[in-house]
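[1] I need the structure of the sequence given here:
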Amino acid sequence: MSLTVYGASWCPDVKRSRALLDGRGIEYSYVDVEADAAAEARVRDLQGGARRIPTIVWDDGTFLVEPSDDELSARL
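    Residues are numbered from 1 along each chain as shown. You can find the predicted model right below:
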């Protein structure tokens, strides 16, 4: 399983989701949408123009946007 977490360092929801992944020892790539214009464009493309974070994308192309801990846990 390969995950990419798109977020921003100031966002509490991003911090929460990353803490859940870290706590379970799940490896993921983190991309700051504020520092990477292509990443922001990818997030906007997935969300039909919106930029809600965290956006967590699996290698099969599925993704979650601003998941609760329960939603993210269920998907893992």
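[2] could you pull out the helices for this protein?
    12-23, 37-46, 69-75 (DSSP state H).
[3] how about those, which one is nearest residue 53?
    Proximity to residue 53 (CB to CB) singles out helix 12-23 among the helices of the chain, at 5.6 Å. The C-beta positions use only the backbone N, C-alpha and C, and glycine is treated the same way.
[4] which elements pack onto the closest one?
    The helices and strands touching helix 12-23, judged by 3 or more CB pairs under 8 Å, 6 or more residues apart in numbering; DSSP states H and E, are strand 3-7, helix 69-75.
[5] what comes up buried for that helix?
    13, 14, 17, 18, 20, 21 (16 or more other CB atoms under 10 Å).
[6] can you lay out the helices of the chain as JSON lines showing distance to residue 58 and mean pLDDT?
    Listed next are those as JSON lines, based on distance: least, CB to CB, whole Å; pLDDT from 0 to 100:
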{"stretch": "helix 12-23", "distance to residue 58": "12", "mean pLDDT": "97"}
{"stretch": "helix 37-46", "distance to residue 58": "12", "mean pLDDT": "95"}
{"stretch": "helix 69-75", "distance to residue 58": "8", "mean pLDDT": "96"}
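[7] who wins for proximity to residue 2 among those?
    Nearest to residue 2 among those is helix 12-23 (12.3 Å), distances taken as CB to CB.
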